[in-house]
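Chemist: Let me see the structure of the following:
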Amino acid sequence: MNKKNTLRRFILSIMLITTTLLSACGFQLRGNYLLPQELQTLYLSSSDTHGELTRLVKQNLLVNNIEVLKQQRNDIPELRILNDSLDRRTLSLFENGQVAEYELTYTVRYQIRMQGKERQDFNFEIYRNYQDNPDQALAKSRELTLLRKEMRIEAADRILRNMASITL
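Modeler: Purely as a prediction, here's the structure:
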């Protein structure tokens, strides 16, 4: 019985030390964004209202307990996704001249508008390298689809991280 209590105390003390160290270094779980009070309720608009990025941003806002209005109001801030685009450029070629590797660039432009304040414009780019192989076209097509999805998820997270760090 005494050994059980000693083991419990040891495990409890290890957990306490680990928690303290993680808290002290500023660690926090991703996805937990502390947006300024002024942005706790907002209107989300986009040039592509049914686009994947817009859907992901709205989902992230709702998960973080941000109220997203269905109708725009002048007294409520607006997060406007202006555009998102995916470009690619050739990085290398096979000996036969076919493309071996691409660099994918996902560009996002958005702005925050608030009544009585100047609008704030933001943009960023996310990069990924993609190796092409004509002999495995189906597998590479699936890989490209997954890369695009991953880049959009990262972009939606980045928009919220940027919103958490802006000064109003």
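Chemist: can we go C-alpha only for contacts and neighbour counts from here?
Modeler: OK.
Chemist: Within its sheet, name the partner strands of the helix or strand encompassing L79 and how each one runs.
Modeler: Element membership for L79, per DSSP states H and E: strand 78-93. Sheet pairing of strand 78-93 (DSSP bridges) gives strand 41-46 (parallel), strand 99-113 (antiparallel).
Chemist: Low-confidence bits of the chain, can you list those?
Modeler: Applying pLDDT under 70 to the chain flags residues 1, 23-33, 167-168.
Chemist: And the longest helix seen in it, what's buried?
Modeler: Secondary structure of the chain per DSSP state H: the longest helix is helix 137-165. Buried residues in helix 137-165, counting neighbours by 16 or more other C-alpha atoms under 10 Å, are found at 140, 144, 147-148, 151-153, 155-161, 163.
Chemist: Which secondary structure elements does it sit against?
Modeler: helix 52-63, strand 120-131 (3 or more C-alpha pairs under 8 Å, 6 or more residues apart in numbering; DSSP states H and E).
Chemist: One more pass at 7 Å, please.
Modeler: The criterion is 3 or more C-alpha pairs under 7 Å, 6 or more residues apart in numbering; DSSP states H and E, and the helices and strands that helix 137-165 contacts are helix 52-63.
Chemist: Work out the gap between the helix it packs on and the centre of the chain.
Modeler: 9 Å (C-alpha atoms, centre = their mean, to the nearest Å).
Chemist: and for it, what are the contacting residues?
Modeler: Contacts with helix 52-63, where a contact means C-alpha atoms under 7 Å, 6 or more residues apart in numbering, come from 46, 152-153, 156.
Chemist: now stretch 77-95
Modeler: With C-alpha under 7 Å, 6+ apart as the test, stretch 77-95 has contacts from 39, 42-47, 99-115.
Chemist: mind checking which helix or strand T6 is in?
Modeler: T6 belongs to helix 2-24 when assigned by DSSP H and E.
Chemist: could you say what helices and strands that helix packs with?
Modeler: For helix 2-24, there is no helix or strand it packs on, judged by 3+ C-alpha pairs under 7 Å, 6+ apart.
Chemist: quick one: D87 and D157, what's the gap?
Modeler: 20 Å (C-alpha to C-alpha, to the nearest Å).
Chemist: what do you get for S47?
Modeler: 19 Å.
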